[in-house]
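[1] structural data only, the sequence is not supplied:
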């Protein structure tokens with residue numbers, strides 16, 4: 001009986017150590033993810049302007065966000081696109097592969113008032129995709145808050161159960177002392 005209690009205590013301590021290590025690694029990964037952002041915060045909005053050259057190839061486009069701020073983006077051959085048409089068919093390509101198709105797709109989005117999200121750096125668009133729902137930073141904050149509260153509740157429960165177990169161990173030792 002004592003060996004079962006000792007094994008339970010050892011198992012509980014091991015679980016606590018593993019969980020503490022997991023939380024530490026999760027917090028480190030979260031901090032690393034936030035600090036390693038390569039681009040400025042993405043802009044989500046609707047296309048309000050599309051400029052092309054004489055061959056019909058896209059050169060620049062402008063997006064208006066929810067505050068009415070218009071941002072103009074230049075593109076380069078590596079600009080990636082992931083846009084859907086009205087039927088929901090997804091087109092994935094780069095500017096270098098289909099330069100005139102990107103202009104056509106952005107004009108289609110402008111006519112339909114279909115929102116897009118642009119990841120950019122210094123005014124140059126790196127990727128143009130269908131609008132991502134909500135602001136990523138806000139959602140990550142809520143996700144982290146729920147994560148932290150959940151783990152805090154879990155550890156409070158583990159501590160509570162540890163105290164209960166210690167009380168039972170002392171009671172068992174007391175009873176064994178009376179018997180023996």
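    Structure received. Model, not experiment: these values are computed from the prediction.

[2] so what does the host helix or strand of residue 143 touch, helix or strand wise?
    Using DSSP states H and E, residue 143 maps to helix 136-179. Helices and strands touching helix 136-179, by 3 or more C-beta pairs under 8 Å, 6 or more residues apart in numbering; DSSP states H and E, are helix 2-35. Glycine gets a C-beta too; all of them are placed from N, C-alpha and C.

[3] which SSE is immediately downstream of the helix it packs on?
    Following helix 2-35 in sequence, per DSSP H and E, is strand 43-52.

[4] and that next one, what's buried?
    43, 44, 45, 46, 47, 50, 52 (16 or more other C-beta atoms under 10 Å).

[5] re the thing from before, how much distance is there from the helix holding residue 143 to the middle of the chain?
    28 Å (C-alpha atoms, centre = their mean, to the nearest Å).

[6] mean confidence score for it?
    Confidence for helix 136-179, expressed as mean pLDDT, is 89.

[7] tilt between that helix and strand 43-52?
    150 degrees (axes from the mean of the first three to the mean of the last three C-alpha atoms, to 10 degrees).

[8] who touches stretch 70-82?
    43, 45, 48-49, 58-65, 90-96, 102, 105, 118, 120, 123-130 (C-beta atoms under 8 Å, 6 or more residues apart in numbering).

[9] among those residues, which are located in strands?
    Within those, residues falling in strands by DSSP state E are 43, 45, 48-49, 58-64, 90-94, 118, 120, 124-130.

[10] so residue 110 belongs to a strand, correct?
    No - read with DSSP: H, G, I helix; E, B strand; the rest coil, residue 110 is helix and lies in no strand.

[11] list the contacts of it.
    Shown in contact with residue 110 (C-beta under 8 Å, 6+ apart): 46, 47, 48, 49, 50.
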